[in-house]
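# the sequence and its predicted three-dimensional model are supplied below.
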Amino acid sequence: LTGGIVDVGALLQCFEGMHNGVADDSILDKYCEVQRRMWHDIINPVSTANIRRLHLQDPDKALEDDEILQLVRKSETDLDLSRELQSAGNELVYDYTQYYRPAPKAGSAVLAKL
């Protein structure tokens, strides 16, 4: 789920750039490269660990045994830890606008024909 939400937001930036004439379809190659790397390095390992966390431990002892769940519980009263955990998702955000080129100036196509 997390990966899909991240993919849609990133793809929207790429399509918006193409629609506004500040990016061509090569931005989609960059999108594929970056999103694949994020999936491989971040999303898949975290998702796999979460699935294992759900299925491979005794639910009655999960909070006692699982360090991640303990961190989440601690974050209920530790504001700094809560902020740190919440900001971890920022690793999945990538700014595709850095590949935009300057927007064409109004009327530049007419001037180019003269």
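That came in fine, so what should we check first?

# mind giving me the domain split of this protein?
Residue ranges for the domains of the chain, per automatic domain parsing: 1-56, 58-91.

# measure the shortest one end to end?
According to CA to CA, to the nearest Å, domain 58-91 extends 30 Å from its N-terminal end residue to its C-terminal end residue.

# so for it, what's the average pLDDT?
Average pLDDT, domain 58-91: 92.

# out of the domains of the chain, nearest to K105?
Closest approach to K105 among the domains of the chain (CB to CB): domain 1-56, 10.9 Å. Where you see a C-beta, it was placed from the backbone N, CA and C, and this is true even at glycine.

# and the gap between the spatially most central residue of the chain and V72?
Centroid-nearest residue in the chain, with CA atoms, centre = their mean: L92, separated by 2.9 Å. From L92 over to V72 the distance is 18 Å, taken as CB to CB, to the nearest Å.

# determine the longest helix present in this structure.
Across the chain, the longest stretch assigned as helix under DSSP state H is helix 2-19.

# next, the buried residues of that helix.
For helix 2-19, a neighbour-count test (16 or more other CB atoms under 10 Å) marks 3, 6-7, 10, 13-14, 17-18 as buried.

# need the contact partners of that helix.
Contacting residues not belonging to helix 2-19 are listed as 23-25, 27-28, 30-31, 34-35, 38-39, 43, 46-47, 89, 92-97, 99-100 [CB atoms under 8 Å, 6 or more residues apart in numbering].

# which residues in this protein form helices?
Per DSSP H, the chain carries helices over the ranges 2-19, 26-38, 44-55, 62-65, 67-75, 79-87, 108-113.

# returning to what we had before: quick one: least confident of the buried residues of helix 2-19?
By pLDDT, G3 ranks lowest within the buried residues of helix 2-19, coming in at 68.

# if we can go back for a sec, just send the domains of the chain back as JSON lines, with distance to K105 too.
Below are these laid out as JSON lines (distance: least, CB to CB, whole Å):
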{"stretch": "domain 1-56", "distance to K105": "11"}
{"stretch": "domain 58-91", "distance to K105": "34"}
